[in-house]
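1. test case, fold it:
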Amino acid sequence: MRSIVLGGAGFIGSHLVDRLLERGDEVVSVDSLLTGRRDNAERHRGNPRYAFVEHDICRPIPLQGGAGAVFNLASPASPIDYAKLPLQTLDVGSLGTRNALDLARRLGATFVQASTSEVYGDPLEHPQREDYFGNVNPVGPRACYDEAKRFAEALTTSYARVHGLPVRLARIFNTYGPRMRADDGRAVPTFVAQALRGEDFTVFGDGTQTRSFCYVDDLVAGLLALLAKGDSRPVNLGNPREMTLIDLAETTRKVVGSGGRVRSVRPLPENDPKQRRPDITRARTLLGWEPEVELEDGLKPTAAYFRSELNL
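-> Numbers count the residues shown, from 1 in each chain. Below is the predicted model:
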């Protein structure tokens, strides 16, 4: 079928494009390249089933014809990016999502919205289930991203109720793998780059805050399962294996074979979640999906990618 991937030059979006092409889809990738990479956009140049459109989805999206699916992965996603681009992040979560929904209606497509575990904020419930409403500060430094994604969920479900549009909501937890940027501020690329350079691992706070890390291939498989088998209610997609950032640093050191001590560089940022682990019962029962790649196995190709990117 024909699939549209908004944010297709980003980290997850580019891997999704790969998988859709592998299964035989015609794919249109749309990206403004604000945080996406042109190298990702041009990976499939020459493939007759692939097209790239450089476009900001905060303006109406000029695509015609039909489509089976519109995947909306367009948004700055790393803390460094949305701290630098708060207004653009809010715009793409609101104006951009509405234009994406209108595109899906016009093309007769199922709409898949990439939401985030950040809708749960700094959670008071652990692990996080889809029926938890969250603990989010609407005026804090992370609000531009958290509230943009929460609004996008509200807009998506409203389109489903008002227009009967078939929609899916993927609440994506921490995902890692090749094609992340080494400087995007997230834990895995930061730690892998530091290990490759033989530097200390730097953490905010004391490093005991927890995260759960899902390899990108597993996440993309979850998105495709959600498209095929999901309903209009949110579904957590992530790896339920929880660990502290200290544990992540030690695992990275073991896989890469180098790296210094774990060192705190500043206090924990305001509203930074202290715990993060998905309850994936719903994904298991509804989609028949759960992650398969162990962290140690996923870090190996990730480290190989960064070794090449950083010329190390």
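2. please export the C-alpha coordinates of stretch 182-190 as CSV.
-> The C-alpha coordinates for stretch 182-190 follow below in CSV (Å, rounded to 0.1, in the frame of the first residue of the first chain):
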residue,chain,number,x,y,z
ALA,A,182,25.6,12.0,19.2
ASP,A,183,24.8,15.5,20.4
ASP,A,184,21.1,15.1,21.0
GLY,A,185,21.4,15.0,24.7
ARG,A,186,19.7,11.6,25.3
ALA,A,187,21.4,9.0,27.5
VAL,A,188,22.3,6.3,25.0
PRO,A,189,24.1,8.4,22.4
THR,A,190,25.7,10.5,25.1
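3. residue ranges in this structure under the pLDDT threshold?
-> In the predicted model, the chain carries no residue with pLDDT under 70.
4. mind redoing it with 90?
-> Residues of the chain that meet the criterion pLDDT under 90 lie in 183-185, 204, 264-274, 311-312.
5. quickly list the domain ranges of it.
-> 2-177+213-240+280-287, 187-209+242-276+295-309 (automatic domain parsing).
6. need the ones you listed in CSV with mean neighbour count, can you?
-> (C-beta placed from N, C-alpha, C; glycine too.) Conversion of the domains of the chain to CSV gives the following (neighbours: other CB atoms under 10 Å):
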stretch, mean neighbour count
domain 2-177+213-240+280-287, 20
domain 187-209+242-276+295-309, 17
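7. pretty sure residue 7 sits against residue 31.
-> Yes - counting by CB atoms under 8 Å, residue 7 touches residue 31, with 5.9 Å between them.
8. got any residues that touch both of those two?
-> Shared contacts of residue 7 and residue 31, defined by CB atoms under 8 Å, 6 or more residues apart in numbering, comprise 13, 74.
9. which one is residue 250 nearest to, not counting chain neighbours?
-> Using CB to CB, 6 or more residues apart in numbering and skipping the chain neighbours, the partner closest in space to residue 250 is residue 262 (7.8 Å).
10. no no, residue 80
-> Excluding its sequence neighbours, the residue lying closest to residue 80 (CB to CB, 6+ apart) is residue 185, at 3.6 Å.
11. need the longest helix for the chain.
-> Ranked by residue count, the top helix of the chain under DSSP state H comes out as helix 143-163.
12. contact partners of that one?
-> 72, 75-77, 79, 82, 86-87, 89-90, 92-94, 97-98, 101, 105, 111, 113, 115-116, 118-119, 121, 134, 136-138, 165-167, 169, 232, 234.
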